[in-house]
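*Asks:* quick one: sequence and predicted model below, then my questions.
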Amino acid sequence: MPRSLLSVLLVLYAACQAPGTDTAATDLQPRIDRGSAGYNDPYFPRLGNGGYDVEHYKVVLSVDPVANTLRGSTTITAIAEQPLARFNLDLFGLEVSSIKVDGENARFVREDHELVITPLVPLESGAKFEVQINYAGTPQVVPLVGLPVEGIGWMHEEELVITMSEPHGAMNWYPCNNHQRDKATHEFDITVPTEFTVAANGILKSIQTLETTRRFHFVASDPMATYLATVNVGIFEVEEQVGPNELPLTYYFPPATEEEIREGFRRTPEMITTLEEWFGPYPFECYGGVVAGAGPPAALETQTLPVYGGSTPGIGVQIHELAHQWFGNSVSFHTWSDLWLAESFASYAEWLWSAEHGEEGSLEERVRRYYGFLSGAEYELMGDPTPDHLFGLGVYVRGPVALHALRLEIGDEAFFSTLKTWTSTFRGKTASAEDFIALVEERSGQDLRSFFEGWLYESELPEIPELGLSPGADTGPVTTED
């Protein structure tokens with residue numbers, strides 16, 4: 001790598017900055033010599049880091065699932081998008097022992113969840129570089145307002161470890177560029193005591209058995225947002241199945257899992273086939289699920305391997321997490337204010353499945369029930385749910401009602417054509433609400449600005465003329481028990 005005079009001067013400048021006076025981590029706007037300490041996401045402005053693009057993470061962990069401790073080494077391969085005398089990673093808790101950039105020891109300081117790294121030699125724009133971070137400790141869950149759990153990320157209960165990281169928990173178990181705008185491939189090399197099994201994203205490439213430990217090697221070769229990464233350690237029984245187009249399917253069950261739940265997961269090939277008819281080809285190389293049997297009463301659509309916490313995962317929940325593989329995982333939302341681009345579609349998929357299988361009445365009946373419920377409820381805006389109410393009625397209930405209203409507005413052919421074009425055009429990328437609106441208008445040939453303005457950003461519930469629905473109208477019995 002060429003060493004310019006500017007590079008030398010930047011090294012001297014960086015070396016003069018005392019750790020106690022380093023304020024770079026709080027700056028969101030990048031300078032020529034450093035990346036920003038956040039992506040300026042409207043809800044989480046300090047998530048992610050500017051100045052570089054991650055290509056690949058290799059996460060190597062040795063885990064004690066009883067003591068809940070880990071020793072880790074994460075190697076990040078990235079490309080500098082500007083000259084960088086220093087750059088940031090996101091890491092919450094855990095003790096960092098050393099960092100190397102391109103094999104050379106680098107200086108680093110910690111400021112909140114920001115890990116500020118100064119390489120020995122500044123990085124030139126366009127340079128491909130490698131960062132290795134060595135760390136250890138007991139992961140501390142990342143607090144999150146608006147969820148009925150103590151925190152997110154790496155979670156421990158007795159001899160079980162699960163990771164459920166939406167929206168920003170990944171940084172409590174591996175250093176990362178913690179925002180979905182910077183998706184990257186992942187590799188996991190996890191060592192655990194012999195009696196434990198590891199479940200992680202992607203394809204299991206090997207298991208190496210030693211005297212007292214086993215080493216599991218997974219490779220996830222599709223781009224993935226950090227909050228969708230997962231490593232789970234427990235006593236699991238593993239079942240395998242083959243899905244459509246020879247898709248490998250793997251399920252992890254606690255030994256006491258009821259046969260009824262296992263049978264539900266064995267319907268996954270049928271589920272994938274149905275969702276492919278609506279949304280286009282399944283976008284990844286494998287699929288499966290982890291039934292934790294403990295942890296928070298929630299599920300998360302971790303990429304290729306959803307994790308189901310302490311609640312019983314029924315078919316509806318499984319459909320929801322499967323639909324996320326298209327909406328949210330393959331096509332990620334550009335900012336967290338656009339969460340409806342994931343959750344509203346996953347919820348609508350549940351409704352479509354239930355209607356097709358004669359569950360909970362017809363689709364129109366469900367839309368009517370929920371419309372009536374929304375008419376008398378207080379909730380956040382669908383297109384701006386606020387960070388404190390991300391996971392509320394706006395995206396989970398008003399969202400699918402809005403999608404059905406859109407379907408009635410433009411017709412089935414344009415609606416499902418739009419969904420398939422969306423999942424193919426933006427596969428492996430991020431996209432915004434504006435991208436979706438533009439695509440719907442293109443596919444339908446209609447001006448839909450006022451339609452989306454009403455459903456996304458106005459508190460008053462819009463009418464659905466095709467169903468004779470308007471706020472305050474009699475819609476029959478009101479229930480949310482679906």
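*Replies:* Yes, it's here.
*Asks:* how about the strands in the stretch 301-450 of the chain?
*Replies:* Assigned by DSSP state E, counting those that start in this stretch, the stretch 301-450 of the chain shows strands spanning 307-308, 332-333, 430-431.
*Asks:* count of neighbours near Cys176?
*Replies:* Residues near Cys176, counting by other CB atoms under 10 Å, number 28. (Glycine included, C-beta is placed from N, CA and C.)
*Asks:* thinking again about what came up before, buried deepest among the strands of the stretch 301-450 of the chain, which one?
*Replies:* With neighbours taken as mean count of other CB atoms under 10 Å, the strands of the stretch 301-450 of the chain reach their highest mean count in strand 307-308, at a mean of 26.
*Asks:* what does that one contact?
*Replies:* Residues from elsewhere that reach strand 307-308 (CB atoms under 8 Å, 6 or more residues apart in numbering): 162-164, 230, 232, 289-292, 299-300, 317, 321.
*Asks:* which pair in these spans the largest distance?
*Replies:* Greatest spatial distance among the contacts of strand 307-308 (CB to CB): Thr163 and Val317, at 18.2 Å.
*Asks:* the two: who's more crowded?
*Replies:* The residue with more neighbours, out of Thr163 and Val317, is Thr163; 26 against 18, by other CB under 10 Å.
*Asks:* and the next helix or strand past the strand or helix carrying that one?
*Replies:* Assigned by DSSP states H and E, Thr163 belongs to strand 160-164. Using DSSP H and E, the helix or strand that follows strand 160-164 in sequence is strand 184-193.
*Asks:* which strands and helices sit next to that next one?
*Replies:* On a contact count with 3 or more CB pairs under 8 Å, 6 or more residues apart in numbering; DSSP states H and E, strand 184-193 meets strand 52-64, strand 197-200, strand 213-224, strand 231-234.
*Asks:* just checking: what are the partner strands of it?
*Replies:* As defined by DSSP bridges, the strand partners of strand 184-193 come to strand 52-64 (parallel), strand 213-224 (antiparallel).
*Asks:* between it and strand 160-164, how many degrees?
*Replies:* Strand 184-193 runs at 170 degrees relative to strand 160-164, counting by axes from the mean of the first three to the mean of the last three CA atoms, to 10 degrees.
*Asks:* who's in contact with strand 184-193?
*Replies:* 54-66, 177, 198, 200-202, 212-224, 229, 231, 233.
*Asks:* buried subset of those residues, written for ChimeraX?
*Replies:* Selection command for ChimeraX covering only the buried members of the contacts of strand 184-193, criterion 16 or more other CB atoms under 10 Å:
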select :54,55,56,57,58,59,60,61,62,63,64,65,177,198,200,201,202,214,215,216,217,218,219,220,222,223,224,229,231,233
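*Asks:* list the buried residues for the top helix by length along the chain?
*Replies:* Secondary structure assigned by DSSP state H gives helix 340-356 as the longest helix of the chain. For helix 340-356, a neighbour-count test (16+ other CB under 10 Å) marks 340-355 as buried.
*Asks:* and which of these is nearest Val131?
*Replies:* The closest of these, once distances to Val131 are taken by CB to CB, is Ala342, at 29.3 Å.
*Asks:* distance check, the nearest residue to Ser354 once chain neighbours are set aside against Glu260.
*Replies:* Excluding its sequence neighbours, the residue lying closest to Ser354 (CB to CB, 6 or more residues apart in numbering) is Glu360, at 4.8 Å. Here Glu360 is placed at a distance of 19 Å from Glu260 (CB to CB, to the nearest Å).
*Asks:* how about Ile235?
*Replies:* Taking CB to CB, one finds Ile235 at 20 Å from Glu260.
*Asks:* for Glu166, same thing?
*Replies:* Distance of Glu166 to Glu260, computed by CB to CB: 28 Å.
*Asks:* same question for Ile410.
*Replies:* The gap separating Ile410 from Glu260 is 40 Å, by CB to CB.
*Asks:* now do Asn49
*Replies:* 45 Å.
*Asks:* please apply the same query to Ser375.
*Replies:* 36 Å.
*Asks:* show me the shaky parts of the chain.
*Replies:* Residues of the chain meeting the criterion pLDDT under 70: 1-32, 145-149, 472-482.
*Asks:* could you list the domains of it?
*Replies:* 5-235, 236-328, 332-467 (automatic domain parsing).
*Asks:* show me where this protein has its helices.
*Replies:* With DSSP H as the criterion, the chain has helices at 5-15, 259-265, 268-279, 315-324, 340-356, 363-375, 393, 399-410, 412-425, 433-444, 449-457.
*Asks:* and these: which comes nearest Pro143?
*Replies:* helix 340-356 (21.2 Å).
*Asks:* quick one: the closest one to helix 268-279, angle?
*Replies:* 110 degrees.
*Asks:* which residues in the stretch 1-150 of the chain form strands?
*Replies:* Counting by DSSP E, counting those that start in this stretch, residue ranges of the strands within the stretch 1-150 of the chain are 52-64, 69-80, 87-90, 95-101, 104-105, 107-111, 114-118, 128-137.
*Asks:* any idea which of those strands is most buried?
*Replies:* When these are compared using mean count of other CB under 10 Å, strand 87-90 is most buried, at a mean of 28.
*Asks:* what's next to it, contact-wise?
*Replies:* Residues from elsewhere that reach strand 87-90, judged by CB under 8 Å, 6+ apart: 24-25, 34-37, 47-49, 51-52, 76, 113-117, 123, 131, 133, 168, 170-171, 175-178.
*Asks:* repeat for stretch 432-443
*Replies:* For stretch 432-443, the external contacting residues (CB under 8 Å, 6+ apart) are 333-335, 338, 340-341, 383, 406, 410, 414, 417-418, 421-422, 425-426, 447-449, 452, 456.
*Asks:* and stretch 297-313, end to end?
*Replies:* Terminal residues of stretch 297-313 lie 10 Å apart, using CA to CA, to the nearest Å.
*Asks:* quick one: it to chain centroid distance?
*Replies:* When distances are taken as CA atoms, centre = their mean, to the nearest Å, stretch 297-313 is centred 12 Å away from the chain's centroid.
*Asks:* next, the buried residues of that stretch.
*Replies:* Those would be 298-309, 313, for stretch 297-313 by 16+ other CB under 10 Å.
*Asks:* out of the residues you listed, who's nearest Ala402?
*Replies:* Glu301 (20.4 Å).
*Asks:* so who does that closest one touch?
*Replies:* Contacts for Glu301 were tallied using CB under 8 Å, 6+ apart; they are Leu228, His320, Glu321, His324, Gln325, Gly328, Asn329, Ala342, Ala346.
*Asks:* and for Thr273?
*Replies:* Thr273 touches Pro244, counting by CB under 8 Å, 6+ apart.
*Asks:* next one: Ser470
*Replies:* Going by CB under 8 Å, 6+ apart, Ser470 touches Glu463, Ile464.
*Asks:* which residues are in contact with Lys183?
*Replies:* Neighbouring residues of Lys183 by CB under 8 Å, 6+ apart: Pro223, Met224, Ala225, Ser332, Gly428, Lys429, Thr430.
*Asks:* quick check: it vs Glu130, distance?
*Replies:* In this view, Lys183 and Glu130 are 18 Å apart by CB to CB.
*Asks:* how about Phe415?
*Replies:* Here Phe415 is placed at a distance of 45 Å from Glu130 (CB to CB).
*Asks:* cool, and Phe216?
*Replies:* Here Phe216 is placed at a distance of 23 Å from Glu130 (CB to CB).
*Asks:* next one: Thr163
*Replies:* Distance of Thr163 to Glu130, computed by CB to CB: 24 Å.
*Asks:* export the helices of the chain as TSV, with columns for distance to Gly93.
*Replies:* Converted to TSV, the helices of the chain look like this (distance: least, CB to CB, whole Å):
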stretch	distance to Gly93
helix 5-15	26
helix 259-265	34
helix 268-279	36
helix 315-324	28
helix 340-356	27
helix 363-375	40
helix 393	33
helix 399-410	34
helix 412-425	36
helix 433-444	34
helix 449-457	36
